[in-house]
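Q: make a model of this:
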Amino acid sequence: MNMTTVIDDIKMGLGLQTVALPFDEPIENVIRKSLERSIRTFSRFAPLIKEGYADRSQLRKAGREDINLLGIYFLPEFLCTTPVSYADAFIATSPGQVGEVTTTTFTVGSPFVGFGSYYPQDILNATVTGAAINKYAGVTSRQPSSKWLGYNRIQLFDFPDKCWIRFVVKCEHDLSGETIQESQVESFMQLAELDLKRFLYNSLKNMTSVGSGFKDIQLKIDDWASAEADRNALIEKWEGRYYIDDDDLIQFF
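A: Prediction:
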């Protein structure tokens, strides 16, 4: 999304290019500040998705030595250039790997350990041996998983001590607006225009005199009076629908 184009479109859409508003700075700066607030709100419903790889041994532990065994780490810094709202982690064999790795007692160590005999005692012995091999290799039969703790912290469960990790994070869009996709611009513009109308209405409604252009501005103020209610309706609509496209919010019963 190009911020300059958005500002020009908003000025044209609201007719601000023909009205001299009583601000100490250019109207473009006022619109830009309003857009930054809109970007933060919009990111709740259509967050920026980032992916990145990191060697577990290079991750920075989040906490004192006595809680390091909990597997709590800070996310890599390159994924936290904007505020993060959620993160997940997947095991990977190397940076750039497509898909996740499945680590079980059947696939790690010897693929035949524990599955090479039909005699009960042999199966038991092989299973114990297989578990020992996997423990030595640093993996378990449980699938690696993670828990987002907030504040750029994530907890890793059942990840090997030595492995690459693929992180997928949801975060706020850059305030430049460049990370908002063109397919999302129309939805963003709905919110942006209502945010600006609400700000202008709240800023100007109590002014009794703003110079020779007061009558023209008064007409605009009347038009912007419903911005608060319209914005609340839009947010309520988005809150009722955005989870449908978010796999992390889908629950199965």
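Q: and whichever strand or helix holds Lys50, what's buried?
A: Assigned by DSSP states H and E, Lys50 belongs to strand 48-55. Using 16 or more other Cβ atoms under 10 Å as the test for burial, strand 48-55 gives 48, 50, 54. From N, CA and C alone the C-beta is placed, and that goes for glycine too.
Q: try stretch 75-90
A: In stretch 75-90, counting by 16+ other Cβ under 10 Å, buried: 75-76, 79, 82, 84, 86-87, 89-90.
Q: if we look at the strand holding Lys50, which residues are touching it?
A: With contacts defined as Cβ atoms under 8 Å, 6 or more residues apart in numbering, strand 48-55 is touched by 76, 78-79, 82, 92, 94-97, 163-174, 179.
Q: ramachandran angles for Trp164?
A: Dihedral pair for Trp164: phi -90, psi 150, per degrees, to the nearest 10.
Q: cool, the one 3 residues further on as well?
A: Per-residue torsions, Phe167: phi -100, psi 140 (degrees, to the nearest 10).
Q: can you give me the separation between it and Ile31?
A: Relative to Ile31, Phe167 is positioned 35 Å away (Cβ to Cβ, to the nearest Å).
Q: can you check Leu194 too?
A: Distance from Leu194 to Ile31, by Cβ to Cβ: 13 Å.
Q: and for the two, which residues touch both?
A: Counting by Cβ under 8 Å, 6+ apart, Leu194 and Ile31 have no contacts in common.
Q: sketch out the low-pLDDT regions of the stretch 151-253 of the chain for me.
A: Where the stretch 151-253 of the chain drops to pLDDT under 70, the residues are 207-217, 219, 242-253.
Q: now do the helices in it.
A: 185-204, 214-224, 227-239 (DSSP state H, counting those that start in this stretch).
Q: most packed of those helices?
A: Comparing the helices of the stretch 151-253 of the chain by mean neighbour count (mean count of other Cβ atoms under 10 Å), helix 185-204 comes out on top with a mean of 19.
Q: what angle separates that helix from helix 227-239?
A: 150 degrees (axes from the mean of the first three to the mean of the last three Cα atoms, to 10 degrees).
Q: which other helices and strands does helix 185-204 contact?
A: Contact analysis of helix 185-204 by 3 or more Cβ pairs under 8 Å, 6 or more residues apart in numbering; DSSP states H and E lists helix 3-14, helix 27-45, helix 214-224, helix 227-239 as its packing neighbours.
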